[in-house]
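Sequence and predicted structure, then a few things I'm wondering about:
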Amino acid sequence: MQIYLPIAELSVNIFMILAMGGAVGFLSGMFGVGGGFLMTPLLIFSGIPPAVAVASEANQVVAASMSGALYHWRKRAVDIKMGLVLLGGGVIGSFIGVWIFGLLKKLGQVDLLISLSYVVFLGTIGALMLIESLRVIRRAQKGERVGFKKPGQHNWIHGLPLKMRFKSSKLYISAIPPVLIGVAVGILAAIMGVGGGFIMVPAMIYLLRMPTNVVVGTSLFQIIFVTALVTVLHATENQTVDFVLAMLLLAGGVIGAQFGAKAGQRLKAEQLRALLAIMVLGVALRLALDLLIEPNDLFSITSIAAGQ
């Protein structure tokens, strides 16, 4: 059954899109990630223009993040003050990212920017995650205890000025690092169509030393507003949001996430991280090959010129 996507200007199989949404939703529920960094490349592989894939996927991330944030809010695991500081940076980053996106779209280079961004970020993060997961698994097999720094321990970030007290996170740190993290996530959300949790969560844990129990909820709280802003900006400035596509992805994702959450409970944390890392590296490799391998059908103006 085919359905026409008005902004993407092509017809797709409705069941294929629902299945993709369900599959990524399953992985999101299993691994505890937003899934945008997997869905956008899959849409590109399916023939959806990268600009439309990015903007439409950002719309889906809003709903997914809101659902998760409400769950953590009920558990009192959201640091609203930290979320607002991150959001301040996220707003700035969103405008910067959408401006860069629109500029390169006019120059015809936005597709290259999106693909390169995914190759660099997914390749780097996937490699780091895999190395860390294998290290933990190997040490666990040897019976060694893996040591981690405790939340609240000081590092160079705690010596910066403009300090603020965040009671929910039990921190007294400079507002500069959270703002900069927010800016980076806002730019990524605009250019890559992701919530940015795969960057923000590690940064909050390892750089800001936030307690793990409030990290995910605080990240999702900020992501709601940043991705909503990105969606509006893309729709008004670049006209690249296909709401038909976004709704199909959302329907599949909501169903898949429920089954993924149940499946994820049967695997150990380090096994989940290793599987996710392998999957991330696979997507990055596929995108890199698409950039490097010469396509079968090359555009040429030779025959046109000869006929004139």
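Received the coordinates, thanks.

can you pull out the strands in the stretch 151-300 of the chain?
163-166, 171-174 (DSSP state E, counting those that start in this stretch).

For residue 56, which of those strands is the nearest?
strand 163-166 (34.2 Å; Cβ to Cβ). Any C-beta I mention is one placed from the backbone N, CA and C, and that applies to glycine too.

Pull the distance from that closest one to the chain's centre.
A distance of 27 Å separates the centroid of the chain from that of strand 163-166, by Cα atoms, centre = their mean, to the nearest Å.

Tell me which other helices or strands it touches.
Contacts defined by 3 or more Cβ pairs under 8 Å, 6 or more residues apart in numbering; DSSP states H and E place strand 163-166 against helix 80-107, strand 171-174.

looking at the ones you listed, which one has the lowest mean pLDDT?
Mean pLDDT values for the helices and strands packed on strand 163-166 show the minimum at strand 171-174, a mean of 81.

if we can go back for a sec, mind putting the helices and strands packed on strand 163-166 in JSON lines, distance to residue 234 and mean neighbour count included?
Shown next, in JSON lines, are the helices and strands packed on strand 163-166 (distance: least, Cβ to Cβ, whole Å; neighbours: other Cβ atoms under 10 Å):
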{"stretch": "helix 80-107", "distance to residue 234": "6", "mean neighbour count": "20"}
{"stretch": "strand 171-174", "distance to residue 234": "32", "mean neighbour count": "19"}
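
Indicate which one of these is closest to residue 246.
Comparing the helices and strands packed on strand 163-166 against residue 246 with Cβ to Cβ, the closest turns out to be helix 80-107 (17.1 Å).

angle of whatever helix or strand comes next after that closest one against helix 80-107?
Under the assignment DSSP states H and E, the closest C-terminal helix or strand after helix 80-107 is helix 110-141. Angle, helix 110-141 to helix 80-107, by axes from the mean of the first three to the mean of the last three Cα atoms, to 10 degrees: 140 degrees.

got the buried residues for helix 110-141?
Counting neighbours by 16 or more other Cβ atoms under 10 Å, one finds that the buried residues in helix 110-141 are 110-111, 113-115, 117-119, 121-123, 125-126, 129-130, 132-133, 136-137.

out of the strands of the stretch 151-300 of the chain, nearest to residue 83?
Closest to residue 83 of the strands of the stretch 151-300 of the chain, according to Cβ to Cβ: strand 163-166, at 9.8 Å.

Quick one: residues in contact with that closest one.
For strand 163-166, the external contacting residues (Cβ atoms under 8 Å, 6 or more residues apart in numbering) are 79, 81, 82, 85, 171, 172, 173, 174, 175.

now with 6 Å?
Here strand 163-166 makes contact (Cβ atoms under 6 Å, 6 or more residues apart in numbering) with 79, 81, 82, 172, 174, 175.

Chain neighbours aside, what residue packs nearest to the third one?
Counting by Cβ to Cβ, 6 or more residues apart in numbering, the nearest residue to residue 82 once its immediate chain neighbours are dropped is residue 166, at 4.9 Å.

Now do the one you found against residue 89, distance only.
Residue 166 sits 15 Å away from residue 89, going by Cβ to Cβ, to the nearest Å.

now do residue 15
Plainly put, residue 15 is 40 Å away from residue 89 if you go by Cβ to Cβ.

partners of residue 11 in the sheet?
On the basis of DSSP bridges, residue 11 is bridged to residue 4.

As a check, name the ranges of all helices in the chain.
Using DSSP state H, the helices of the chain run over 14-31, 36-45, 50-74, 80-107, 110-141, 176-192, 197-206, 212-233, 243-264, 269-292, 302-306.

what is the mean pLDDT for the longest one?
Think helix 110-141. Helix 110-141 carries an average pLDDT of 77.

Let me know whether residue 98 touches residue 190 as I believe.
Yes: under the criterion of Cβ atoms under 6 Å, residue 98 makes contact with residue 190 at 4.7 Å.

With adjacent residues omitted, what lies nearest to residue 225?
Counting by Cβ to Cβ, 6+ apart, residue 87 is the residue found nearest to residue 225 once chain neighbours are left out, at 5.5 Å.

right, and that neighbour touches residue 222 too?
Yes: between residue 87 and residue 222 there is a contact under Cβ under 6 Å: 5.0 Å.
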